[in-house]
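quick one: sequence and predicted model below, then my questions.
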Amino acid sequence: MAIGPIERIAKAIILTVQEYSLFAYRAVMNLFRPPRYWTDFLIQCNIIGVGSAAIVLLSGFFTGGVLALQSAATLSEFGATSVTGRFVSTTMIRELGPVLTGIMVAGRNASSMASELGSMVVTEQIDAMRALGVDPMRKLVTPRLFACISMLFFLTILADAFGIIGGAFVTVFMNHQNGTQYFSMAWEHLRSPDIIQGLVKPLFSGFIIASVGCFYGMRTTGGTEGVGRSTIDAVVFSSVIIIFCDFLLTQVLLTLFPPI
Amino acid sequence: MQNPSARTTESEPPESNSPALATPIVEFQHVSIAFDGPPVLQDVSFAVSAGETRILLGPAGVGKSVLLKLINGLMRPDEGSIRLFGEEITTMKEEDLFPLRTRTGMVFQEGALFDSLTVRDNVGYQLIQEGVSDDEIDRRVHQALTFVELDNTFGFYPVSLSGGMKRRVAIARALIHQPEFILYDSPTGGLDPITSTTIIELVMKERDAFRIPSLLVTHRLQDAFTLCSHHFDSAQGRMVPLPKGQTDPNTTFLMLEEGKLIFDGSIHDLVHSQNPFVREFIE
């Protein structure tokens, strides 16, 4: 008799995955057919890219600093504090930069997309848009999706750069080590696969943030309470999926570019 | 004066062999829809012909707004056929529906104005999407706002407008693209009597000035009767009562009860109906 609720939950999950897949497919395919809303794309680039730059920059800087502090303490036991730069740059570029940026942007933008679109749904603005002959998928979702993918790529580069600078700040001013040595170690041991790995991940994270945020926004029901629920779901699911995808991508990329 | 398209078919689907229904603007045939429960609409059949204003009556929660959204494809029925401008829309793809929707105007229950856009951008939304020049948009927005007597709100945001003003802006937005058919979803719902009269006067002005067919949803009988018993006098710039005993022949009624269409006919048929629900509603 316990099969009933389990079956219902399983069906609900499968239905949600199916709806999300169709939603994401439509959002992507809209780019290849007119009308395209380039002004909305640029507005979203400004909101997501410029708007998130400060939080990404600060979180990258302090994460790099923390990495330098923690690694220097451990590395000093082996007399290897000189490799702090290598440790910080590799960790930031391969892993922490993309994931941290993804999580920060998800917190800021997946929530804003879900709440904005959710409010439009419950106040019938989405229906009004459709009644006026404008496709909300093309007008609202597709520009957000491609703006988020594009901007997350650049935001990750910013986070990586400021992470390395944060590590340098700690290394020079707190651990009193040589700055030139830090930067030369950070640069010399950096390989192309590290950079590729670090720049492929934000493309997926950007897709996840915008598609999940817009998906939960567009399926909002239940008034203002429903908007709150959609916002929470958008942030929680986009964050978890980003980390899960990071795990899968790391596996795939390590297979493609095995460590030397 | 007898309305050629007026029909009284209590508890029965309306006949569709009338000459006036040869090319209806909207035609419902045996339409049903349900959401996780009992049917919201059940076996609903009716038509709206050219030049006709149909008033859909019924208590709150009976499926009036759902019916309106079915007409321009914002919702899909579970069963039945819906034809808009002669085209079957129940099986039409969403992207094919957009051009059809630009031919209709819709006024939503609460106005549904885009709160991040000014009144100018709300009213001119369709024109902006079509890439019309700014000067032309400004001119036509001013014209539409003058029609609803709100030209002074051109640069305002919806948040600074009262409920009645929002509805009037929504009417201007629905009219700017010169629609061939207009849907009004409870345009006077939740408004005070004076503001409601202003809105009904605008609906009447649109009806009598442009003769655009429309379907108006309301649960307020006084609004429906005012539309039937008055006409808009362009010379005086206000609505005036029709001579005693006369009613507008092109304004007819539909009534829903628990998802079923229980009445389809003229005001004369309505006031003389023997259906207990109709009697209770109008009394």
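Structure received. Residues are numbered from 1 along each chain as shown, chains lettered A, B, ... in the order given.

now the element after the helix or strand hosting B:V31, going C-ward?
Taking DSSP states H and E as the definition, one finds B:V31 inside strand B:26-34. Proceeding C-terminally, strand B:26-34 gives way to strand B:39-48 as the next helix or strand, assigned by DSSP H and E.

quick revisit: could you list every helix and strand in contact with the strand holding B:V31?
With contacts defined as 3 or more C-beta pairs under 8 Å, 6 or more residues apart in numbering or on different chains; DSSP states H and E, the packing partners of strand B:26-34 are strand B:39-48, helix B:64-71, strand B:79-84. (Each C-beta comes from the backbone N, C-alpha and C, glycine too.)

show me what the shortest one is packed up against.
Under the contact criterion of 3+ C-beta pairs under 8 Å, 6+ apart, strand B:79-84 touches strand B:26-34, strand B:39-48, helix B:64-71.

where are the low-confidence patches of chain B?
Counting by pLDDT under 70, chain B contains low-confidence residues at B:1-22.

I meant chain A, not that one.
Using pLDDT under 70, the flagged stretches of chain A are A:1-2, A:260.

need the residues of it near chain B, please.
Taking C-beta under 8 Å from any C-beta of the partner chain as the criterion, chain A approaches chain B at residues A:35, A:120, A:123-125, A:127-135.

dump those residues to JSON lines, plus secondary structure.
Written out in JSON lines, the entries for the residues of chain A next to chain B read as follows (DSSP: H, G, I helix; E, B strand; the rest coil):
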{"residue": "A:P35", "secondary structure": "coil"}
{"residue": "A:M120", "secondary structure": "helix"}
{"residue": "A:T123", "secondary structure": "coil"}
{"residue": "A:E124", "secondary structure": "coil"}
{"residue": "A:Q125", "secondary structure": "helix"}
{"residue": "A:D127", "secondary structure": "helix"}
{"residue": "A:A128", "secondary structure": "helix"}
{"residue": "A:M129", "secondary structure": "helix"}
{"residue": "A:R130", "secondary structure": "helix"}
{"residue": "A:A131", "secondary structure": "helix"}
{"residue": "A:L132", "secondary structure": "coil"}
{"residue": "A:G133", "secondary structure": "coil"}
{"residue": "A:V134", "secondary structure": "coil"}
{"residue": "A:D135", "secondary structure": "coil"}
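
out of these, which are buried?
Under a neighbour-count criterion of 16 or more other C-beta atoms under 10 Å in any protein chain shown, the subset of these counted as buried comprises A:120, A:123-125, A:127-135.

tell me how far B:R167 lies from A:E124.
From B:R167 over to A:E124 the distance is 13 Å, taken as C-beta to C-beta, to the nearest Å.

should've said A:T101
For A:T101, the distance to A:E124 (C-beta to C-beta) stands at 35 Å.

swap in B:P249?
Distance check for B:P249 against A:E124: by C-beta to C-beta, it reads 33 Å.

residues in contact with the residue positioned nearest the centre of chain A?
Note on chain A: the residue nearest the mean C-alpha position is A:G102, at 2.2 Å, using C-alpha atoms, centre = their mean. By C-beta atoms under 8 Å, 6 or more residues apart in numbering or on different chains, the contact set of A:G102 is A:152, A:201-202, A:205-206, A:208-209, A:239, A:242, A:246.

that one in helix, strand or coil?
Secondary structure of A:G102, per three-state DSSP, is helix.

show me where the stretch 101-250 of chain B has its strands.
Under the criterion DSSP state E, counting those that start in this stretch, the stretch 101-250 of chain B contains strands at B:104-107, B:181-185, B:214-218, B:230-233, B:238-241.

same question, chain A
Across chain A, reading from the start of the chain, there are no strands by DSSP state E.

what's in contact with the longest helix along chain B?
As assigned by DSSP state H, the longest helix anywhere in chain B is helix B:193-210. For helix B:193-210, the surrounding residues in contact (C-beta under 8 Å, 6+ apart) are B:53, B:147-148, B:162-164, B:167-168, B:171, B:175, B:182, B:184, B:187-188, B:191, B:212, B:214, B:216, B:220, B:223, B:226-227, B:230-232, B:234, B:238-239, B:248, B:250-251.

relative to strand B:214-218, how tilted is it?
On the basis of axes from the mean of the first three to the mean of the last three C-alpha atoms, to 10 degrees, helix B:193-210 is oriented at 170 degrees to strand B:214-218.

just the angle for helix B:193-210 relative to strand B:181-185, thanks.
Computed by the same axes, to 10 degrees, the angle between helix B:193-210 and strand B:181-185 is 170 degrees.

how distant is helix B:193-210 from the center of its chain?
Per C-alpha atoms, centre = their mean, to the nearest Å, the displacement of helix B:193-210 from the mean C-alpha position of its chain is 12 Å.

repeat that for stretch B:262-272.
When C-alpha coordinates are averaged (C-alpha atoms, centre = their mean), stretch B:262-272 and its chain have centres 18 Å apart.

just give the number of residues close to A:F78.
Applying the criterion other C-beta atoms under 10 Å in any protein chain shown, we find 8 residues in the vicinity of A:F78.

then the one 10 residues further on?
If you count neighbours by other C-beta under 10 Å, A:V88 ends up with 31.

now do the same contact list for it.
For A:V88, the set of contacting residues under the criterion of C-beta under 8 Å, 6+ apart consists of A:64, A:67-68, A:71, A:163-164, A:167, A:186.

what residues does chain B put near chain A?
So chain B meets chain A at B:69, B:72, B:74, B:94-95, B:98-99, B:101-102, B:104, B:106, B:108-110, B:112-115, B:125-126, B:129, B:173 (C-beta under 8 Å from any C-beta).

just the buried members of those?
In the residues of chain B next to chain A, burial by neighbour count holds for B:69, B:72, B:74, B:98, B:101-102, B:104, B:106, B:108-110, B:112-114, B:125-126, B:129, B:173, counting by 16+ other C-beta under 10 Å.

of those, which belong to helices?
Under the assignment DSSP H, those contribute B:69, B:98, B:101, B:125-126, B:129, B:173 to helices.

I'd like the helices and strands packed on strand B:79-84 as CSV, with distance to A:G179 appended.
As requested, those are arranged in CSV below (distance: least, C-beta to C-beta, whole Å):
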stretch, distance to A:G179
strand B:26-34, 70
strand B:39-48, 71
helix B:64-71, 65
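
surely B:E52 and B:P249 touch.
No. The pair formed by B:E52 and B:P249 falls short of the contact definition of C-beta atoms under 8 Å, at 9.6 Å.

which pair in the ones in helices among the buried ones among the residues of chain B next to chain A has the greatest spatial separation?
B:K69 and B:Q129 (20.9 Å; C-beta to C-beta).

after the strand or helix carrying B:D264, next one along is what?
Using DSSP H and E, the secondary-structure element containing B:D264 is strand B:260-265. Proceeding C-terminally, strand B:260-265 gives way to helix B:267-271 as the next helix or strand, assigned by DSSP H and E.
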